[in-house]
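[1] Mind looking at a prediction? Sequence and model below.
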Amino acid sequence: MIGVACFRVLLRVGFFKKLPYKMSISGSEILFEPVEQAGTSFSVHTDRLKKIFLYRGSLSELEIQTQNGSILVNFESSETADQAAFVLKTVFNEKFTVFSL
């Protein structure tokens, strides 16, 4: 059982705009908190999650599909993406898929 795991990510808030956020993963939700003052905190509860995809490439991107749309984030490094992939697979098993690009 994993408690809470935190990762620094870049949250896509526009076509070319990304903001630094802290993404915390627990068994019941994924919480996003802004690192800087710009931005607002929000969370996605597991009952609102449809699928989670990690696209591994030169810049690993995470897509979280919810009932209300998609959330896109980039990881600061491939090591961080690998660590997050382990936690996401452990917590969300069948809802989590990895693609190598």
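    Structure received.
[2] nearest spatial neighbour of residue 78, skipping sequence neighbours?
    Excluding its sequence neighbours, the residue lying closest to residue 78 (CB to CB, 6 or more residues apart in numbering) is residue 60, at 6.1 Å. No exception for glycine: its C-beta is placed from N, CA and C like everyone else's.
[3] What's the separation between the one you found and residue 46?
    Distance, residue 60 to residue 46, by CB to CB, to the nearest Å: 22 Å.
[4] got it, and residue 57?
    According to CB to CB, residue 57 and residue 46 sit 27 Å apart.
[5] same thing with residue 66?
    Separation of residue 66 from residue 46 (CB to CB) stands at 10 Å.
[6] State whether residue 30 and residue 41 are indeed in contact, as I suppose.
    No - counting by CB atoms under 8 Å, residue 30 stays clear of residue 41, with 11.8 Å between them.
[7] Which of those two has more residues huddled nearby?
    Neighbours per residue, other CB atoms under 10 Å: of residue 30 and residue 41, the larger number sits with residue 30, 24 against 10.
[8] Many thanks, have a good one.
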